[in-house]
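Engineer: A predicted structure for the sequence below; I have some questions about it.
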Amino acid sequence: MKYDFSDLQGKNVLLVGGFGLIGKELSYGFSSLGANLIIVDRVVDEVFLKKLSKINNSKNISFLFDISKKKEIDDMVGFSYSKFKKIDVLVNCSFPRTTDWSLGIENVPFESVQKNLLDHLGGYYYISQQVALKMSKNKRGSIINFSSIYGLVAPTFSIYENTNMTTAPAYALIKGGINTMTKYFASYFGNKNIRVNCISPGGVFDNQDPKFVKRYKELTPLARMAVPKDLVLPVLFLASDASRYITGHNLLVDGGWTIH
């Protein structure tokens with residue numbers, strides 16, 4: 001046995017949210033190992049797809065879809081299997097949210113919380129359900145859900161003071177639900193040799209308010225925010241046979257944020 005990620009070569013990867021900040025870096029990572037990608041998102045970046053096609057001659061296609069719509073999920077899963085016949089790895093990395101996402105808890109309407117839960121957590125559930133049922137026929141697969149440190153610990157609200165930033169109340173509900181859902185799926189589909197895990201990143205740098213960034217760094221043992229590249233190897237590890245005896249796990253990639 002080789003102790004690397006070489007088993008991902010030629011594998012078919014369904015990457016949901018693959019044109020986002022983190023998704024693009026994951027796309028490069030999978031492509032560099034020769035995996036074939038189906039990248040689905042609300043937008044399609046054709047220029048990015050052409051760049052990917054030059055890496056290890058991997059086959060990469062895209063599909064425009066909305067995770068909040070059941071029919072579009074059905075169409076996307078059907079499209080994926082019609083193109084590649086089977087999916088070896090599913091990565092749920094999309095981040096749907098309503099336009100009032102940035103409101104503080106005092107002003108968030110109940111209807112907004114409902115919609116965000118249904119779109120984000122509900123979308124992850126339905127995609128995972130549909131793909132896991134198909135993976136069951138091959139008795140093999142890896143599903144990786146993106147969660148967050150805020151699915152495990154409470155926010156430190158002082159880091160947001162005097163900025164236009166906050167963390168949405170629905171975010172903790174969604175990410176906590178993803179953690180529990182991951183364990184449920186891991187338990188249910190384990191006898192089909194389908195592994196289900198999640199990744200919980202800490203804060204990822206995206207040109208946030210400098211005051212927030214400074215405070216975040218001060219509270220992080222590694223003294224910096226994450227960058228998208230920090231998440232690639234952990235995801236590849238969970239996708240590959242290198243983690244073949246790991247399921248139901250929440251891998252914290254947070255620079256030590258949650259150790260206190």
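Structural biologist: Cool, the structure landed. Numbering: from 1, shown residues only.
Engineer: so K70 touches I127, yeah?
Structural biologist: No - in this structure, K70 is not within contact of I127 by CB atoms under 8 Å, at 10.2 Å. (C-beta placed from N, C-alpha, C; glycine too.)
Engineer: more neighbours: the two, which one.
Structural biologist: I127 (24 against 13; other CB atoms under 10 Å).
Engineer: for that one, give its distance to I105.
Structural biologist: 29 Å (CB to CB, to the nearest Å).
Engineer: cool, I38 as well?
Structural biologist: 37 Å.
Engineer: of those two, give the one with the bigger neighbour count.
Structural biologist: I38 (24 against 12).
Engineer: helix or strand: which one has the more buried one?
Structural biologist: strand 36-41 (DSSP states H and E).
Engineer: again with E106
Structural biologist: E106 belongs to no helix or strand, assigned by DSSP H and E.
Engineer: for the helix or strand that K83 is a member of, buried residues please.
Structural biologist: Using DSSP H and E, K83 maps to helix 70-84. Under the neighbour-count criterion of 16 or more other CB atoms under 10 Å, helix 70-84 has E72, I73, M76, V77, S80, Y81, F84 buried.
Engineer: and these, which is closest to K59?
Structural biologist: F84 (8.0 Å; CB to CB).
Engineer: picking up where we left off before, could you dump the buried residues of helix 70-84 into CSV and include pLDDT and distance to G123?
Structural biologist: Below are the buried residues of helix 70-84 laid out as CSV (pLDDT from 0 to 100; distance: CB to CB, whole Å):
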residue, pLDDT, distance to G123
E72, 95, 10
I73, 96, 7
M76, 95, 11
V77, 96, 12
S80, 95, 15
Y81, 96, 18
F84, 94, 21
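Engineer: output these as JSON lines; include the columns distance to L90.
Structural biologist: Putting the buried residues of helix 70-84 into JSON lines (distance: CB to CB, whole Å) gives the following:
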{"residue": "E72", "distance to L90": "16"}
{"residue": "I73", "distance to L90": "12"}
{"residue": "M76", "distance to L90": "11"}
{"residue": "V77", "distance to L90": "10"}
{"residue": "S80", "distance to L90": "9"}
{"residue": "Y81", "distance to L90": "12"}
{"residue": "F84", "distance to L90": "12"}
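Engineer: quick one: the helices in the protein, in order.
Structural biologist: Secondary structure of the chain (DSSP state H): helices at 21-32, 46-53, 70-84, 110-116, 123-138, 169-189, 210-218, 232-239.
Engineer: ok, residues contacting the last one?
Structural biologist: Yep, that's helix 232-239 we're talking about. Contacts to helix 232-239, defined as CB atoms under 8 Å, 6 or more residues apart in numbering, come from residues 5, 8, 11, 13, 25-26, 28-30, 33, 89, 91, 142, 144, 195, 197, 199, 243, 246, 249, 251, 253.
Engineer: now the buried members of the residues you listed.
Structural biologist: By 16+ other CB under 10 Å, the contacts of helix 232-239 give 5, 8, 11, 13, 25-26, 29-30, 33, 89, 91, 142, 144, 195, 197, 199, 243, 249, 251, 253 as buried.
Engineer: helices and strands of the chain: which one has the lowest mean pLDDT?
Structural biologist: helix 46-53 (a mean of 89; mean pLDDT, DSSP states H and E).
Engineer: residues in contact with that one?
Structural biologist: Contacts for helix 46-53 (CB under 8 Å, 6+ apart): F19, K24, S27, Y28, S31, L37, I39, S58, N60, I61, S62.
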